[in-house]
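Have a look; sequence and predicted model below, questions after that.
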Amino acid sequence: MNSLKKILYVEDQKDIQMVVEYALCNISDYTLKVCSSGNEALSEIGSFSPDLLLLDVMMPGLDGPETLQEIRKIEGYQKTPAIFMTAKILPNEIDDLMATGALAIIAKPFDPVKLGSEIQDIWDKGQINE
Amino acid sequence: MISGKIPSNENERLVRLKELDILDTLSEQAYDDLTALASKICDAPIALVSLIDETRQWFKSHHGLDATETPRELAFCAHAINQDDLFIIEDADNDERFTDNPLVTEEPFVKFYAGAPLVLDNNIRVGTLCVIDHQARKIDDEQKQLLAALARQVVCLMQLRLKIKEMQDLDKAKDEFLSMVSHELRTPLTSLKASLGIINYKKSDFGEELQPMMDVAIRNSDQLLVIVNDILDLAKMEAGKLEINFEKVNLIDLAQQSLQLNASYIERCTCHASLEVEGDVKSIYVNADSQRLHQVVTNFISNAAKFSNEKGQIILSIENEKDYVKLKVTDYGEGIPLELHNKLFVKFQQLGNSENQKLPGTGLGLNISKHIIDAHNGEIGFESLPNVKTTFFFKLKKYSI
């Protein structure tokens, strides 16, 4: 079973970036690469080589699902597990997101103290299902 | 040949026509009925609803004629839209404006024409309801009056069309607003709640003195989220878009979980809550959306806690009734005055006032609960004996294959 260390996190809202970074790096102990746009993620992913993708959904430019779609085209990242974070809560929106091949969806607002363990649980379940 | 002159309010006229969004649309029975009536009443083989844009007349309805449009410069109707009353040509061959018009000399051989303008907003004539015959003739007064009356009916249809469009635009605006509330309000709330959560996690850094302030901030941001979610739920329900994801749910587990989830709230109201299951069974299944049922039970519990006396008892109970199961939440507080009994499930209806309410609400909770239980084909209700005992309940059919 692979262990989860490096998370590539894409989010356009600086404030949310800050709290997620604190939650995942200070409360939990992951290595995080924060990107403010889909395009930044595409150019950073190669040098960072993440274990997991954590993506906001609504962003200017490439949105979350589009970013994932582009990342999937890059050699070596066709199967990197991805999690969406979204304030969208309508069931059909959730279904649409899951249809993009995401591992799970974390609803915003989220509990920062539990965010790390929530992501770890999702990761562990994904490893079992591999 | 002389073409109809351009009306003085042409720009305004074209704007209104564009708003109607009617050009090149499919035929509609309602318009076709009116041209059929006009043809019959005026004893004329052709009747048209003609609309004049920059370059052509286009027929929303064409009774007795195959063509769907003609150039504007040839149109009799382009003359008709310059006056309020009927425009009548009894013999086109003897009128210098039309004698060499191809519509007169060739198919469809228009000799007689009577057109009633379609007038919107007092002075905007977008087109006509007209009748045409292949021979020179007259039209009597009664026919003139009835043709004008039918033209007014065409205008009514158009006004209805504008109203429907307006409603659709409003509905779209509402959907966009819903999406805005969902995203734009929840985004700052996400940052707020998450940063408060982190500060609270590191509470040792700011000392005990500030903990009550921290609690205030967290509680109120939680409350704000509840309100945003309530408003979203309501909007979804109004639009008929509340989705229920049915699954097999153990109502006893659900009640226990609801109690746990609301433990801090109950404690804050200085109440004590317990669960009683009839017959001491461990499971009673229903076909339901567990998240939505949690919402209803939470609403019942928070209402009970809110309106309980100090150190009040709240009792959740589950009762078996043959094919049905009933979940009840009982408190022993002030209860609901008789005059409010029929207002309880109405939205924005708040019980009590700021003085006796320990905690604020949106007045949406029971309305949403009723929507949810209705969507489960269940029954929701209450019994209240003020200052003695108040019970809210819902009743659902038990799960069966």
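Okay, I see it.

how about the strands of the chain, start to end?
All of this refers to chain A. Using DSSP state E, the strands assigned to chain A run over residues A:6-10, A:31-35, A:52-56, A:82-86, A:104-107.

oops, chain B please
Under DSSP E, chain B gives strands at B:46-52, B:56-63, B:69-71, B:87-89, B:112-120, B:124-133, B:247-250, B:272-277, B:285-288, B:313-321, B:324-331, B:379-385, B:389-397.

any low-confidence regions in chain B?
B:179, B:182, B:347-362 (pLDDT under 70).

so residue B:154 sits right up against residue B:49, yeah?
Yes: the pair residue B:154 and residue B:49 qualifies as a contact (Cβ atoms under 8 Å) at a distance of 5.7 Å. (Glycine included, C-beta is placed from N, CA and C.)

Now residue A:61: closest residue in space that isn't a chain neighbour?
Closest residue to residue A:61 apart from its sequence neighbours, by Cβ to Cβ, 6 or more residues apart in numbering or on different chains: residue A:37 at 5.4 Å.

From chain A, how far off is the closest residue to residue B:32 other than its chain neighbours?
Counting by Cβ to Cβ, 6+ apart, residue B:61 is the residue found nearest to residue B:32 once chain neighbours are left out, at 4.9 Å. Here residue B:61 is placed at a distance of 39 Å from chain A (Cβ to the nearest Cβ, to the nearest Å).

Which strand residues bridge residue B:382?
residue B:392 (DSSP bridges).

Now do the same contact list for it.
By Cβ atoms under 8 Å, 6 or more residues apart in numbering or on different chains, the contact list for residue B:382 reads B:336, B:344, B:390, B:391, B:392, B:393.

for these, which one is nearest chain A?
residue B:392 (26.0 Å; Cβ to the nearest Cβ).

Just give me the neighbour total for residue B:344.
Neighbour count of residue B:344, defined by other Cβ atoms under 10 Å in any protein chain shown: 18.

quick one, phi psi at it?
Main-chain torsions, residue B:344, degrees, to the nearest 10: phi -60, psi -40.

Give the burial count for the nearest residue to it once chain neighbours are set aside, as a bare number.
Spatial nearest neighbour of residue B:344, chain neighbours left out: residue B:366 (5.8 Å); criterion: Cβ to Cβ, 6+ apart. A total of 23 residues lie near residue B:366 under the criterion other Cβ under 10 Å.

For stretch B:20-39, list every residue counted as buried.
B:20, B:22, B:31, B:32, B:34, B:35, B:37, B:38, B:39 (16 or more other Cβ atoms under 10 Å in any protein chain shown).

just stretch B:379-386 next, same as before
Result for stretch B:379-386 [16+ other Cβ under 10 Å]: buried residues B:380, B:382, B:384.

before we move on, the earlier item: any idea which of the contacts of residue B:382 is closest to residue B:10?
Nearest to residue B:10 among those: residue B:344, at 58.2 Å, using Cβ to Cβ.

How about the contacts made by residue 27?
Defaulting to chain A. Here residue A:27 is in contact with A:112, A:113, A:115, A:116, B:198, B:201 (criterion: Cβ under 8 Å, 6+ apart).

let's do chain B instead
B:60, B:61 are the contacts of residue B:27 under Cβ under 8 Å, 6+ apart.

circling back: give the intersection of the neighbour lists for residue B:154 and residue B:49.
B:31, B:34, B:118, B:129.

can you give me the helices in the chain?
Because you didn't say which chain, this covers chain A. A:14-22, A:38-48, A:64-72, A:91-98, A:112-129 (DSSP state H).

was after chain B, sorry
Under DSSP H, chain B gives helices at B:10-20, B:29-41, B:77-80, B:102-105, B:141-180, B:186-201, B:211-238, B:251-261, B:263-268, B:290-306, B:365-375.
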